[in-house]
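1. one predicted model, sequence on top.
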Amino acid sequence: MSGIILCRSKYGASAKYAEWLSQETGFKVIDTKKADVNEVAKYDNIVLGGGVYAASVSGISFLRKNYGALKGRNIYVFCCGVAPDNDEEMLGILKERNLSGELADIPFFYYRGVWDLDSLNFADKALCKLLMKSLEKKDPAEVKQWDRPLLEVKDKKGDWTDKKYLTSLIELIRSKGE
């Protein structure tokens, strides 16, 4: 069973999951920015992982741009963010926004990530601070479940990564390899 993990990790959580997945599968990890579609197309299993930024999965553009050359392979997508992993509305929005059209049937997984406001670049930090201010002004009953962790952690650090999240993806990959 051959495979590759394409990863776009801005702040480390997606890379952590990619490395854990690599340990379990033996698949090579490569940054999507360094990926060559001709090389990627040689693998039976392609996993793309990235962080969630404004409801978009980082690195998903590689898959959209190159899907024609990758059709027929087992393709999986995972993403990670601060939000809880049990919010079906949020998961639906993420899947629709990132895997619509011919990508709609690709298995999609969401994992909790990390939060460290100090590690964000200037633009991301400014956007997150604006988002938090707007959330703080809302009636608490109107704040979506996926936004609540931002109000809880604010400027503290949070790490919700957990290897157990990968279980269903690993099982799916292994079932396709048999």
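-> It's in.
2. residue contacts, Ala55?
-> By CB atoms under 8 Å, 6 or more residues apart in numbering, the contact list for Ala55 reads 93-94, 97-98. Glycine gets a C-beta too; all of them are placed from N, C-alpha and C.
3. ignore the last one, Asp31
-> Contacts of Asp31 (CB under 8 Å, 6+ apart): 6-9.
4. out of those residues, who's nearest Asp155?
-> The closest of the contacts of Asp31 to Asp155 turns out to be Ser9 (CB to CB; 21.9 Å).
5. which SS state does Gly50 fall under?
-> With DSSP: H, G, I helix; E, B strand; the rest coil as the basis, Gly50 sits in strand.
6. count of residues packed around it?
-> Residues near Gly50, counting by other CB atoms under 10 Å, number 29.
7. got it, and Val77?
-> The number of residues packed near Val77 is 25, by other CB under 10 Å.
8. quick check: beta-bridge partners of it?
-> Beta-bridge pairing of Val77 under DSSP bridges involves Leu48, Phe108.
9. what do you get for Lys28?
-> With DSSP bridges applied, Lys28 shows beta-bridge pairing to Ile4.
10. so what's it up against?
-> Taking CB under 8 Å, 6+ apart, we find Lys28 in contact with 3-5, 22.
11. kindly recompute the last result at 10 Å.
-> Counting by CB atoms under 10 Å, 6 or more residues apart in numbering, Lys28 touches 2-6, 22, 39, 43.
12. just Arg73 next, same as before
-> With contacts defined as CB under 10 Å, 6+ apart, Arg73 is in contact with 2-4, 40-46, 176.
13. now do 7 Å
-> By CB atoms under 7 Å, 6 or more residues apart in numbering, the contact set of Arg73 is 43-46.
14. and Lys42, by the same measure?
-> Lys42 makes no contacts at all, as judged by CB under 7 Å, 6+ apart.
15. need phi/psi at it.
-> Per-residue torsions, Lys42: phi -80, psi -10 (degrees, to the nearest 10).
16. separation between it and Ser2?
-> Applying CB to CB, to the nearest Å, the value for Lys42 to Ser2 is 7 Å.
17. ok so, going back, redo the contacts of Asp31 as JSON lines? Include secondary structure.
-> Putting these into JSON lines (three-state DSSP) gives the following:
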{"residue": "Leu6", "secondary structure": "strand"}
{"residue": "Cys7", "secondary structure": "strand"}
{"residue": "Arg8", "secondary structure": "strand"}
{"residue": "Ser9", "secondary structure": "coil"}
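18. quick check: the two most widely separated of the residues you listed?
-> Leu6 and Ser9 (10.8 Å).
19. neighbour count winner among those two?
-> Using other CB under 10 Å, the more surrounded residue of Leu6 and Ser9 is Leu6, with 27 against 22.
20. pretty sure the more buried one contacts Gly59?
-> Yes - with contact defined as CB atoms under 7 Å, Leu6 reaches Gly59; the gap is 6.3 Å.
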